[in-house]
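Trainee: here is my input; please provide its structure:
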Amino acid sequence: MRDTTKLIVLIIITLCISSCYNYKNLRLLQDDNKSLPIYENSNYTDYRIRLNDEIIYRLITSDETISKLISPQSGSSSGQSMISYRVHPDGTIDLPFISHIPVIGLTLLEATKVVEDRFKELIPDATIKLSLSNKIFTIFGDAGSGIFPIYKEKLTIFQALAMSGDLSEGTDLRHIRIIRETDKGTRILEFDIRPKSLIDSKYYYVYPNDIIYVQREFSSFYKVNSYSALLGVISFSLSLLFAVLNYTK
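Mentor: Numbering: from 1, shown residues only. The predicted structure is shown next:
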């Protein structure tokens, strides 16, 4: 009888203690926690054009007739949209009056130079501006779900997560994952988002077509995040204890 009571009390105490979130472990940008991983700095590398990317171009020339003829814009002046051109399986794109331009594996700056050189064969004063139409990333899981635009260069993981919604207290901060297409195939980058050393590491920046997966911590199922909730757990546990004691009598 006494052993059973002691066991039940021990279980209740353990449950109550483990049911509370340790907010120290939930802090981001920690540099005083020796249990967290330390990530090495990694230089930012420009995105390189991949198969099926959608390219938007803008031609600038003093010849207004040619500019209107080759203009990629369509629609009314109040709401113009840009026509995009897909990168073919052979790594090239076809633009008006110019075809088979090799761009795969190039940065946007490098591709701009290649396209501009081809246009200058027809239009000596041509200036070209290139951009990606599919400059987006995807998030799903505990941080929300959606497809969002990369609105700036060097978009960080913190900015990306903020766009989809705040991280909850039950989020598994130790195992954030980025699914990324590379020249060597699909890679899954897994990291702990809490250490300060994450800044400027290889996990810090979000690239076009990245998929970010944020999972929920398994133990969050029985954890509470407020004193009122904790009191509810304690009250329920005590009621359970008294019920067991009455039953054993």
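Trainee: where do the helices sit along this structure?
Mentor: Assigned by DSSP state H, the chain shows helices spanning 2-18, 64-70, 108-120, 157-164, 227-248.
Trainee: okay, now the domains of the protein?
Mentor: As recorded under automatic domain parsing, the domains making up the chain are 2-20+224-248, 25-46+135-220, 54-132.
Trainee: got TSV for those domains, with mean neighbour count and mean pLDDT too?
Mentor: Backbone N, C-alpha and C define where each C-beta goes, glycine included. Formatted as TSV, the domains of the chain follow (neighbours: other C-beta atoms under 10 Å; pLDDT from 0 to 100):
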stretch	mean neighbour count	mean pLDDT
domain 2-20+224-248	12	56
domain 25-46+135-220	15	91
domain 54-132	15	86
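Trainee: endpoints of stretch 31-42, how far apart?
Mentor: Terminal residues of stretch 31-42 lie 18 Å apart, using C-alpha to C-alpha, to the nearest Å.
Trainee: and for stretch 156-175?
Mentor: Across stretch 156-175, the terminal residues are separated by 17 Å (C-alpha to C-alpha).
Trainee: same deal with stretch 200-214?
Mentor: Length of stretch 200-214, first residue to last, C-alpha to C-alpha: 20 Å.
Trainee: what do you get for stretch 102-109?
Mentor: Using C-alpha to C-alpha, the end-to-end distance of stretch 102-109 comes out at 13 Å.
Trainee: who are the contact partners of the residue nearest the centre of the chain?
Mentor: In the chain, the residue lying closest to the centroid (C-alpha atoms, centre = their mean) is residue 212, at 4.0 Å. Listed by C-beta atoms under 8 Å, 6 or more residues apart in numbering, the contact set of residue 212 reads 137-141, 143, 157, 160-161, 176-179, 206.
Trainee: now the residues you listed in a markdown table, with distance to residue 83?
Mentor: What follows is the contacts of residue 212, written out as a markdown table (distance: C-beta to C-beta, whole Å):
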| residue | distance to residue 83 |
| --- | --- |
| 137 | 23 |
| 138 | 24 |
| 139 | 28 |
| 140 | 30 |
| 141 | 34 |
| 143 | 34 |
| 157 | 32 |
| 160 | 28 |
| 161 | 32 |
| 176 | 36 |
| 177 | 35 |
| 178 | 31 |
| 179 | 29 |
| 206 | 26 |
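Trainee: next step: those restricted to strands.
Mentor: Counting by DSSP state E, the part of the contacts of residue 212 found in strands is 137-141, 176-179.
Trainee: which one of these is nearest to residue 129?
Mentor: Lowest distance from residue 129 to the ones in strands among the contacts of residue 212 (C-beta to C-beta) belongs to residue 137, with 22.6 Å.
Trainee: ok, that closest one touching residue 211?
Mentor: Yes - at 7.3 Å, residue 137 counts as touching residue 211 under the criterion of C-beta atoms under 8 Å.
Trainee: contacting residues for residue 154?
Mentor: For residue 154, the contacting residues are 44, 205, by C-beta under 8 Å, 6+ apart.
Trainee: where's residue 184 relative to residue 47, distance?
Mentor: 16 Å (C-beta to C-beta, to the nearest Å).
Trainee: and the ones in strands among the contacts of residue 212 as JSON lines, adding distance to residue 57?
Mentor: Below are these laid out as JSON lines (distance: C-beta to C-beta, whole Å):
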{"residue": "137", "distance to residue 57": "23"}
{"residue": "138", "distance to residue 57": "25"}
{"residue": "139", "distance to residue 57": "29"}
{"residue": "140", "distance to residue 57": "32"}
{"residue": "141", "distance to residue 57": "35"}
{"residue": "176", "distance to residue 57": "35"}
{"residue": "177", "distance to residue 57": "34"}
{"residue": "178", "distance to residue 57": "29"}
{"residue": "179", "distance to residue 57": "29"}
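Trainee: ok, residue 42 - contacts?
Mentor: By C-beta under 8 Å, 6+ apart, residue 42 lies in contact with 200-202, 204.
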